[in-house]
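**Student:** Here's my sequence, what's the structure:
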Amino acid sequence: MANINSSNTLSSTFYLTGIPGYEEFHHWISIPFCVLYLVGIMGNCTILHIVRTDPRLHEPMYYFLAMLSLTDMGMSMPTMISLFRVLWSISREIQFNICVVQMFLIHTFSFTESSVLLAMAFDRYVAICHPLRYATILTPRLIAKIGIAALLRSAFAMIPLLARLAFFPFCHSHTLSHSYCLHQDMIRLACADTKFNVIYGLVLITVLWGMDSLGIFVSYMYILQSILRIASREGRLKALNTCASHICAVLILYVPMIGLSIVHRFAKHSSPLIHIFMAHIYLLVPPVLNPIIYSVKTKQIRQGVLHIVFPTKVSSTVM
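**Tutor:** Purely as a prediction, here's the structure:
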């Protein structure tokens, strides 16, 4: 049976589940999903537009914010077509090669987002602990290198994991438990030894997320020490306020991400709805909430959004 693997697997067709038990409500369920996707895309495109068009925002903090918006869209958009094809009863089928591309994009951008949040923590550390050297340390050249390194690190880390899938025979069920493809979901269908994928995936999560979260934690330890040295209460609050949006973004990514990993690895026999719910939170909550949080908490972004929505009023206020 193991010899049917490579050629047959590459041409295999898999079937997406959607939300089991609620098939008759799929059209209605698609409405909130459609709203969330639109809010996420519009919010992140607005952030990118504001950062690109406002010369005052051509600073390291806002360049990293633009990277965060790009990775948010990179996480969520690959799932749109397959999700709505299932919910709108167009087709539940997905080819193996398309499934692998979808997995690659989802997991690569989720790891990249973690690295971008680490870079944003470093940005806050330099801004608060070394303000006089801020512009000389975080040069545009270094920022570009950080962004490219974050993307390449995540992409190359995923290649061994997904390449092995092409050599797995799927001789039983081809039905995936989500509306899109996730690595943890796919390897459960393989009738082969998946020990490498399980161990490598766990090591990958531990090392990449662990390194990033440790770096964020250390950065904030130094930031907190610097803030406590500020004499005035107003100065301390102002410094903390510059970090509030980033702390929220870290929690919004890591809490669903850790929750999804725990559910897939240690709650395999729990209700399928829990798996589906956690998977959609993991992909949709950060792209929807991050632009809202930064628009509310960051004055320059908020002014840019108001200028787009009420150009005449904002212009007259500035005058």
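
**Student:** Return the distance of residue 155 relative to residue 226.
**Tutor:** 35 Å (C-beta to C-beta, to the nearest Å). Bear in mind the C-beta positions are built from the backbone N, C-alpha and C, glycine included.

**Student:** in what helix or strand does the closest residue to residue 34 other than its chain neighbours lie?
**Tutor:** Among residues not flanking residue 34 along the chain, residue 84 sits closest, at 7.5 Å (C-beta to C-beta, 6 or more residues apart in numbering). Using DSSP states H and E, residue 84 falls within helix 80-87.

**Student:** quick check, distance from whichever helix or strand comes after that helix to the centre of its chain.
**Tutor:** Going down the chain from helix 80-87, the next helix or strand is strand 93-95, by DSSP H and E. The chain centroid and the centroid of strand 93-95 are separated by 24 Å under C-alpha atoms, centre = their mean, to the nearest Å.

**Student:** same deal with stretch 51-71?
**Tutor:** Chain-centre distance of stretch 51-71: 17 Å, with C-alpha atoms, centre = their mean.

**Student:** neighbours around residue 219, how many?
**Tutor:** Close neighbours of residue 219, defined as other C-beta atoms under 10 Å, add up to 22.

**Student:** and what of residue 205?
**Tutor:** Residue neighbour count, defined by other C-beta under 10 Å, stands at 18 for residue 205.

**Student:** State the distance from it to residue 199.
**Tutor:** Per C-beta to C-beta, residue 205 is found 11 Å from residue 199.

**Student:** Then residue 173?
**Tutor:** When distance is defined by C-beta to C-beta, residue 173 is 24 Å away from residue 199.

**Student:** Not including adjacent chain positions, what is the nearest residue to residue 179?
**Tutor:** Of all residues not flanking residue 179 in the chain, residue 83 sits nearest, at 4.3 Å (C-beta to C-beta, 6+ apart).

**Student:** Relative to the whole chain's centre, how far out is the helix or strand harbouring residue 276?
**Tutor:** Under the criterion of DSSP H and E, residue 276 resides in helix 272-297. On the basis of C-alpha atoms, centre = their mean, helix 272-297 sits 9 Å off its chain's mean C-alpha point.

**Student:** So what's the gap between whichever helix or strand comes after that helix and the chain middle?
**Tutor:** Per DSSP H and E, the first helix or strand lying C-terminal to helix 272-297 is helix 299-309. How far helix 299-309 lies from its chain's middle: 24 Å, per C-alpha atoms, centre = their mean.

**Student:** Give the other helices and strands that helix 299-309 contacts.
**Tutor:** The contact analysis (3 or more C-beta pairs under 8 Å, 6 or more residues apart in numbering; DSSP states H and E) places helix 299-309 against helix 26-53, helix 60-76, helix 272-297, helix 311-318.
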